[in-house]
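# predicted coordinates and the sequence they were generated for:
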Protein chains: 2
Amino acid sequence: MRTLRLVLICLLLSAGAQAQLQWKEVEPGIWKATAGQPEKVALLSVADNKASKTSLQALPAATFPLAEADISVTYRDGKVYLRFPLEKEEQIFGLGLNFKTVNQRGRVSQLHMDHYGGKDDGRTHAPVPFYVSSRGYGILIDAARYLTVYAGTAVRVDAKHPPELQDRNTNKDWDSQPYSDAVEILVPAAGTDIYIFGGPTAMNAVQRYNLFNGGGYLPPKWGLGFTQRVPTLYSQADILREATEFEQHNFPLDFIGVEPGWHSMSYPCTFEWDSKRFPDPKGFIDGLMAKGVRANLWLNPYVSPKSSLYPKVKPLSGSHTVWNGLVTDFTMPEARQLFKEHFIKNHISLGVSGYKMDENDGYDKWLWPDVATFPSGTSAEQMRQIYGLAMQKMTDEWYREQNLRTYGLVRASNAGASNFPYVIYNDYYSHPDFITALVNSSFIGVLWTPEVRASKSAEEWVRRMQSVCFSPMAMLNAWADGTKPWSFPEVEKAVQDVAMLRMRLLPYLYSTFAQYHFEGKPPFRSMNLVDGFAYTAQVSGGKLDATLNPYEAKTRSELKDQYMMGDNLIVAPFFAEQKSRKVYLPKGKWYDFYTGKLAGEDQVITVNAELDKIPLYVRDGGIIPMIPARRQAPKAGEVLPLEVRVYGTAPGSFDLYDDDGVSFDFEKGAFSRVTLKTAAGKGTMSKPQAGKPFGYQKNVSWTFMTK
Amino acid sequence: MRTLRLVLICLLLSAGAQAQLQWKEVEPGIWKATAGQPEKVALLSVADNKASKTSLQALPAATFPLAEADISVTYRDGKVYLRFPLEKEEQIFGLGLNFKTVNQRGRVSQLHMDHYGGKDDGRTHAPVPFYVSSRGYGILIDAARYLTVYAGTAVRVDAKHPPELQDRNTNKDWDSQPYSDAVEILVPAAGTDIYIFGGPTAMNAVQRYNLFNGGGYLPPKWGLGFTQRVPTLYSQADILREATEFEQHNFPLDFIGVEPGWHSMSYPCTFEWDSKRFPDPKGFIDGLMAKGVRANLWLNPYVSPKSSLYPKVKPLSGSHTVWNGLVTDFTMPEARQLFKEHFIKNHISLGVSGYKMDENDGYDKWLWPDVATFPSGTSAEQMRQIYGLAMQKMTDEWYREQNLRTYGLVRASNAGASNFPYVIYNDYYSHPDFITALVNSSFIGVLWTPEVRASKSAEEWVRRMQSVCFSPMAMLNAWADGTKPWSFPEVEKAVQDVAMLRMRLLPYLYSTFAQYHFEGKPPFRSMNLVDGFAYTAQVSGGKLDATLNPYEAKTRSELKDQYMMGDNLIVAPFFAEQKSRKVYLPKGKWYDFYTGKLAGEDQVITVNAELDKIPLYVRDGGIIPMIPARRQAPKAGEVLPLEVRVYGTAPGSFDLYDDDGVSFDFEKGAFSRVTLKTAAGKGTMSKPQAGKPFGYQKNVSWTFMTK
C-alpha cells in the first residue's frame, strides 16, 4: 500500500498535479489530512504527546470550518503547495513568535528556527507553522521544514475573490498590496500532515491545539516565584551569598539560575562541575535548598572534547561542530540515553531542579549549516527546526520519571511544546517588542518571558520588573550585568512591591496555569482571544516618499501592548518615558485592580503613568484569590490564609485549583478544585474533597473592592 | 546514457553519498564540473552568451587553483551539498550585490532575488552565486535556486584545519566564530553545473568570468552622458520643456527617463502610450532627438488587463498576478515574441532608445509567491532568480537586431549579465552603502548606479552628484521628487562642473568600457582587484554587552568607500557632513588629478573635504585622455580635439578606443585602437587604421600635470 502510494506520489510530483485533501476527524473538532508522503521527523512526532481526550470532549462542538473545495494542494518541484481560503475581514494570528506584529494577514514569512533578528520575517525561536483565524479555527502544518507562508498576500489569476484593478497613474487609492483571498504555503518536502482545529471561537481553536498536544504544562509552584540568574563566573560561595542577600532585602527568590561557569568548560560544554568554582556541588544544592532556593543550570548542547560524554556521543552526532562541540543527534534514543545517564548522575541526583537550554536556535554563523549530516539520516534543516523541541521532550521525561515537575528556559521551540516545562527568552531587549512576543506566544502554545537584565534609568528598571512579574517567569537575568533587583535604590520598594504582588497572586496564577493544563487556555493571552474584545485597526499613511515609502504602503495599527493574565485580569504595562497610555477595555464593565473603582466599559481609556503601579483591570464579577506576601512559593502541606478580592457588582465564579505543587500526582487525581462564588456582596467557597491536597484555610476572607 | 546517469543519481541521492567531481577545462583557465542532474533552467542557460574565446586566450595561463581532493559534493535530501577549501588568510568577495560588506568570509547568505532589505543576508538585486578569492580564482554555481552559502563559517568534525578549542569561561580571546577552512554551499536542486575560473590574480579570475559570458557590454556613447528621469505624470510637452531647461542651464543631457505615466495604465502596465499625456509619441521622440536627447521608457513587466497584450499573453503566463498584472513566462519563446512585436511596434520603431525594467526583483509581498506555477514547468523559485536576466536577454536581442546599442536600467540580475546593457538601481538611499554596492558590483559582472533623487542639504546634493558622475550611469531620478540638477542653487556650479568633468572624461571612460568588453575588466572596480593594493583589516571590539554584543563579536574593518574607474583613476567620494577622509593609495606613486601634485605612495593619506571636488588620484605615468566640456556625447562622424593629461614621471601607455558610438559594427572590426605613449615629458599617439571610425584630431595636446 505504501509502495503504491509512493508510486502515485511520484507521478503526482512529476506531473505537478493538483489533488484534493481527505479530511478525517481524529479528535472532537480536530481534522487531519495527509498531503503526499509526510516525513518521519516532523514536529508532533518529535514532541510525541498524547491528546487530552477528556478535556477535548468538554469543549463546545465544532464543525469543519472551511469549504473543502476552497482548500487545495499541488505537488510540484518535489514540494507541496497548500492553499486555504480567507474571508474579507478575517485576521490571522500566530505563525511563529513575532515581536513586532500581531495580525499576520498581509505578511510573508519563512518559518525558520533562529535567534530573532529584529524583523518579523519568520526567523524566530518558535517558528511554529500554526495560525489561528479570527473566524475561529486554527491550521497546523506538521512539517519540520523552512515553510514559506503567504498569509493573504498572493493573488491567483483565477482567484475566487479577485482584487480591484487600479491604475497607479490616476488612482489615489492605489494599493501596493491588492486584496488576497487565501493563505498559501510552500512546504519544501515531499509531504506533510495537516491539522485543522475547530472553534467556534479563536480561543476554542487554541484550546484544541494545546489539548491535542497534552494540554499546557502546569509548572511547579516554585517555578512561578522569582528567579535570579547570577553572573557567569560566580562560585558556589558567591551564589549562596547571593541567596542570603535576597533574604536580607526581603526579596522573593524561589530558584537561582547558575550560568556557564558551573561547567568545567563552556562553549563548548562539559556538563560537569568546575572543581574550582564548585568544589562541592551536592553541598551547594543542599545549601541553597536549606534557604528554600532551587537551582537551574545553564547549558548549550554542544559537547566539549573535554567532557566524559564526548567519546560516547561522537558516533551519535552530526558532521559539523558548534564552537568545537559535537551536535548530538537527539532523534536517536541511544544519544538521549547517554545524556540522561550523565545528567541524572551529575545534576539531577544532586537535586538540580531544571535547566536553561541556550543556543539551540541560531545564529546561522555558528550553528550547524544546512549541509550538515546526521547519523539518523535526519536532514540538517529538520534538525534545526526540532532541536529545541527534542531537548525539551528529553529533559521533561527525565523529571517525569523522578515524579518531580521542573520549569526552565529554552531558546528554541516549535509546535507540540504546550506540555513542555519551558519558557522562551532571548538576547533582544526592546521592552515594547517583548510585550508583543508575550501577546503572540498565546496563539502558538509556547511561553515567553520578557526577562530583565539592565536599564538606563530607575524608571525603565521598574517598568521592566513590573512586566516580567506579570509573565510566565519572573526573572532577572544578571549573567553579564551583575544586577540585583535593588540595583536602583530609589525604586527598590516599587520593585519589591510588584514581586510580592506576584507572590500574593499565586492562587490566581496557579489556577490559571491549571486552566492551561486542563482546558488548554493560554495563561497569558492576547486580547484577540478574549470574548467581547473588538479592535478596529486604524489604517494610516500611504504617503509617497521615493526612499522611505516608494510604494505608498499604508500602516495598519495593532493592539500589542496589553494582554490578559487568566480570565479576569487585564495587564497594560507602561514603558520607560511613557507619561500616559491607552487601555482597551472589552465589553462589560472593568475595574481598577488596586482601588476597585470602575475604569470603563467597552471603550478605550487613557491612563496616566504612576511609577509604582502596573495598570491592572478586573472584569465585572471578577474574583482574584490571593495569599499574604511571602518570599517563596508555599511548600506541599502548608495551609495559608486566603484573601479573595471581588470586583464589580455582577455575580462571579472562579475555579480555585490546588495540588502538592511539586509532583505529577495531580495527573492521577491528587488535586483539589473548589468553586469560589459571589453574588450580591456575599461569597462562598465549595468544600474541597477529602484526601486531596488543598493548601488554603477554609475560612476565606472576602474583600469586595467595589463599593 | 542519461537514463543510466539518472539511475545513478537516484541511488546517490537516496544513499546520501559523497562523490568526486570531474573537472574539465572548457576554455583556457576555466574548468567545469557537473554535480547530479543540472536543471534546464539555470543562470547561464538563460543568459545564453557565447564566450569571447580570443580574449580568453590572451589572458595569462592559469592552473587549476585548488586541490581536487579538498572539493567535495554530497547528495542528500534531494539536494546537493558542495564544499570548497579555504586557506587561512584567504578573503572571499562577491556572492551577490552587497551594500554593507565587501569581504564575505565569515558570513552566511541565502542568495535570493529581492529588493535589498537593509541587511547583507543574500536578498538582493543580483544574488549572483559567484565568488572571487584573494588567492586568485573564482567559483560559480550555475543554479537558478536560493542557494545558501556558508563562506568560511561552518566547521566539520573532521576539518582538515580545525579551529582552536577555547573555554569561554576563562579565555579572554574566546571567539564566537571559530576558524572555518571551507566554503560550503547548499544547492536546493537535484544537480548543478559548477565553474572554476583561474587567475593567477583575482582580477584575472573576474576577467575570465566576464569573458566567459561574452565580455562586458560596451554602452553607446550617449549612455555615458547625463540622464534625467522625469516625474511620473509628466506629459510629452512637460518633458520637452524639461529638455529645453537643461539647454538653458547648459547642463549635460543625453537621455531622458520617461516614468510610469507614459503607459495608459501602470501597476499593472499596458506598454501602450497614454493618449492624454502622450498624444503624439512619434512627434515626442522626434522632438527630443532634435535636441540630441534620447528616450528611455520605464516599465514593470506585469501585464494589465487593459493592454492589447493581455489576451495573447494570458496562456503564456503564471498562475498568480502581480498588481493584477500577468506574470509572463519569459522562458517561452512564444511569449518573448509577443513582447518583441508589441515593443517594436509601439516603442522601438518610433525611436525609443531603451528601457528601465522595474520590480522584477521583489518584494515578496507582491511578487509571485514560490507556490506559483508557470506553463513552461519552470518553478516559481527558478523564475524568481532569472526573471530580470531573461528580460535583459530578450530586450538586448531586440536592439541587436536593429544594430543599435542600448543602455538602460534593471532591478534584477544574475550570473551571465556581463554582456547585457543594463545598470542596477534601487529605492534604498544610504550614500555610503551605495558606494559599497558599486565596489561589489565589480566582482560579479554587473553594473550599479548610486542614483540621485533628493537631498536634505546642498552639501549632500553635491556629494551624491559627484559619485553618480563617477559611476556607470550619471542619473538624477526625479520620478517622485521632481528635482533638477540645479535644485540647490548655491551648488549649481559645482554640480555642473562634475557633470561636465564626466563629459570631458568620455574618451577615458569609453576606452575603459571597451576594456570591459574586450578584456573583461570591470570599469568601476574594487581596490581588491587592483595590483599592489594591500589592506589589512583592523579587528576591534569584542566587548561583552548582554544586549548589544552578547557573543563578544569582533568587528573587522573594511575598505568600501573608494574604487577605481579604469586602470588609472582612484575615486574616493565624500559623504555629506564628512570633514575629512582617508584614502588608501596602493604601491607606487599617486597624483592629485586636479593639480598633478604627488599625493602619496603605498600609504593611507588624509584628505580634507572641498565641497566642489570629488577626490581623484592618478597612478604614476597615468594617462587620461579628455575632450572639451560639452553637453552631449559625440555623434558618429564628429571629430574632437583631444587633451591628454599625463601624471607623475614614470613612462605610461594607454589604449585609446573609439568606434561609431551607436552600432554593433565594432563587433565586426569597425573600431580604432591607438596607443598613447609617454616617456620623459614627451607623448606620442599611434596612427589610427584607415577606414576605421576615429573621432579625435590627430594633433593631440599633451598636458604634463606633474612638474
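Yep, that arrived. Numbers count the residues shown, from 1 in each chain, chains lettered A, B, ... in the order given.

# got the phi/psi numbers for the spatially closest residue to A:T512 that is not a sequence neighbour?
Of all residues not flanking A:T512 in the chain, A:G566 sits nearest, at 3.6 Å (C-beta to C-beta, 6 or more residues apart in numbering or on different chains). C-betas here are computed from N, CA, C, even on glycine. Phi and psi for A:G566, reported as degrees, to the nearest 10, are phi 70, psi -170.

# and the pLDDT at A:G566?
Looking at A:G566, its pLDDT is 98.

# for the helix or strand where A:R384 lies, list the C-alpha coordinates in CSV.
Assigned by DSSP states H and E, A:R384 belongs to helix A:380-401. Extracted C-alpha coordinates of helix A:380-401, given in CSV (Å, rounded to 0.1, in the frame of the first residue of the first chain):
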residue,chain,number,x,y,z
ALA,A,380,20.1,19.5,8.9
GLU,A,381,17.1,21.6,8.1
GLN,A,382,14.7,19.2,10.0
MET,A,383,17.2,19.0,12.9
ARG,A,384,17.3,22.8,13.0
GLN,A,385,13.5,23.1,13.3
ILE,A,386,13.2,20.4,16.0
TYR,A,387,16.3,20.5,18.1
GLY,A,388,14.9,22.6,20.9
LEU,A,389,11.7,20.6,20.9
ALA,A,390,13.7,17.4,21.2
MET,A,391,15.7,18.7,24.1
GLN,A,392,12.5,19.8,25.8
LYS,A,393,10.9,16.4,25.4
MET,A,394,14.0,14.6,26.5
THR,A,395,14.6,16.5,29.7
ASP,A,396,10.8,16.6,30.5
GLU,A,397,10.9,12.8,30.5
TRP,A,398,13.8,12.7,33.0
TYR,A,399,11.9,14.8,35.5
ARG,A,400,8.6,12.9,35.0
GLU,A,401,10.5,9.7,35.9
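
# list the buried residues of that helix.
A:380-396, A:398-399 (16 or more other C-beta atoms under 10 Å in any protein chain shown).

# where does the stretch 1-150 of chain A have low pLDDT?
A:1-18 (pLDDT under 70).

# could you do chain A as well?
In chain A, residues with pLDDT under 70: A:1-18.

# helices of that one, start to end?
A:2-15, A:44-47, A:53-57, A:202-212, A:236-248, A:281-290, A:310-313, A:333-346, A:380-401, A:431-441, A:458-468, A:492-504, A:506-519 (DSSP state H).

# chain center to the fifth one, what's the gap?
Centroid displacement of helix A:236-248 relative to its chain, using C-alpha atoms, centre = their mean, to the nearest Å, is 30 Å.

# ok, the closest residue to chain B within the stretch 601-707 of chain A - how many residues close by?
Going by C-beta to the nearest C-beta, chain B is nearest to A:I614 of the stretch 601-707 of chain A, at 22.2 Å. By other C-beta atoms under 10 Å in any protein chain shown, 21 other residues sit near A:I614.

# now it: closest residue in space, sequence neighbours ignored.
A:Q466 (3.8 Å).

# circling back to that earlier point, ok, the residue nearest to A:T512 - contacts?
A:508-509, A:511-512, A:515, A:523 (C-beta atoms under 8 Å, 6 or more residues apart in numbering or on different chains).

# related to what we said a few turns ago, please tell me how far the residue nearest to A:I614 sits from A:L501.
Using C-beta to C-beta, to the nearest Å, we find A:Q466 at a distance of 9 Å from A:L501.

# between the two, which has more neighbouring residues?
Set A:Q466 next to A:L501 and count neighbours by other C-beta under 10 Å: A:Q466 wins out with 27 against 19.

# related to what we said a few turns ago, give me the angle between the helix holding A:R384 and helix A:333-346.
Here helix A:380-401 runs at an angle of 40 degrees relative to helix A:333-346 (axes from the mean of the first three to the mean of the last three C-alpha atoms, to 10 degrees).

# which helices and strands sit right next to helix A:380-401?
Counting contacts by 3 or more C-beta pairs under 8 Å, 6 or more residues apart in numbering or on different chains; DSSP states H and E, helix A:380-401 is packed against helix A:44-47, strand A:107-113, helix A:333-346, strand A:354-357, strand A:408-410.

# so how far is it off the chain centroid?
That offset, for helix A:380-401, works out to 16 Å (C-alpha atoms, centre = their mean).

# so that helix versus strand A:107-113, what angle?
Using the same axes, to 10 degrees, helix A:380-401 lies at 60 degrees relative to strand A:107-113.

# show me the contacts for A:I444.
Contacts of A:I444 by C-beta under 8 Å, 6+ apart are A:94-97, A:126, A:128, A:130, A:415.
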